[in-house]
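A.B. asks: Here is a sequence together with a model predicted from it:
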Amino acid sequence: MAQQEQEQGRVLTRAEVEAGLREILMDSLGVAESEVTPAASLVRDLGAESIDFLDMGFKIQQAFGVNLQAAEIRDKILAWGTLILPALAEVLTVRLGIPVTVEELKGREGGGIDGLLAHLQAAKGAAALGGAGDTVGEELLRRLVKEFQTLGFVVGEMDRRNLLATMRSDLTARRLTERTLDLLTVENMVNYICGKLGPRLARG
């Protein structure tokens, strides 16, 4: 136990974190080292499932002394896809002054934000909705990014653009869940661990 605590307390370089995480992923997921690239998604590319996230979280705690609630993170991402329509209805009602219910949006998620706005524009005769795609999309994106930030993850600019493009064209829970789970990449996991190490991360 004392040796483990000593290991967890030592200063680590980013390269050591990368190497340690690579070993954990290879062991937990049964993948080859060549598959564990920075851009690899834990779910889509490496095949991580619910029980794997529990195992990875435990091993990361043991190796780095960092508490990664990996299963909780995955569950929150899965929940996001089911919460998108209530969030969208709220955004439209509050920010654009157009009273919209979730029921009005159901069944039309496949058209994305743009398709839903076009439908509402025709149904409600609201001409102002024609150019609202960016405004609505940015607000939904802001909420998603904030959710990730509360979990300790930073969403990069490229991922933000990709997420916004997805929401503009497809708001189905399945597509959003797939796209959001893609944010759990090897590189983002390394960034998360390094951020949690604080003064135990070697600088330079």
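C.D. replies: That came in fine, so what should we check first? Numbers count the residues shown, from 1 in each chain.
A.B. asks: Which residues does stretch 183-194 contact?
C.D. replies: Here stretch 183-194 makes contact (C-beta atoms under 8 Å, 6 or more residues apart in numbering) with 14, 17-18, 21-22, 25, 36-43, 48, 60, 64, 66, 68, 73-74, 77, 148, 152-155, 159, 201. To be clear about C-beta, it is placed using only N, CA and C from the backbone, and glycine gets the same treatment.
A.B. asks: Got a quick ChimeraX command for the buried subset of those?
C.D. replies: Listed next is the ChimeraX selection for buried residues among the contacts of stretch 183-194, using 16 or more other C-beta atoms under 10 Å:
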select :17,18,21,22,25,36,40,41,42,43,48,60,64,66,68,73,74,77,148,152,153,155,159,201
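A.B. asks: Tell me the spacing between Asp55 and Ile193.
C.D. replies: The gap separating Asp55 from Ile193 is 16 Å, by C-beta to C-beta, to the nearest Å.
A.B. asks: And those two? Which one has more around it.
C.D. replies: More crowded of Asp55 and Ile193, by other C-beta atoms under 10 Å: Ile193, with 23 against 17.
A.B. asks: Assumed that one was part of a helix.
C.D. replies: Yes: the assignment for Ile193 is a helix, going by DSSP: H, G, I helix; E, B strand; the rest coil.
A.B. asks: pLDDT at it, what is it?
C.D. replies: Confidence at Ile193, expressed as pLDDT, is 92.
A.B. asks: now it: how far from Val154?
C.D. replies: Relative to Val154, Ile193 is positioned 13 Å away (C-beta to C-beta).
A.B. asks: Next: Leu96.
C.D. replies: Separation of Leu96 from Val154 (C-beta to C-beta): 29 Å.
A.B. asks: do Gly97 as well
C.D. replies: 33 Å.
A.B. asks: for Leu83, same thing?
C.D. replies: 21 Å.
A.B. asks: hmm, back to that, restricted to helices, list the contacts of stretch 183-194.
C.D. replies: 14, 17-18, 21-22, 25, 60, 64, 73-74, 77, 148, 159 (DSSP state H).
A.B. asks: The host helix or strand of Met189: which residues count as buried?
C.D. replies: Element membership of Met189 [criterion: DSSP states H and E] is helix 186-197. Buried residues in helix 186-197, counted by 16+ other C-beta under 10 Å: Val186, Asn188, Met189, Val190, Asn191, Tyr192, Ile193, Cys194, Lys196, Leu197.
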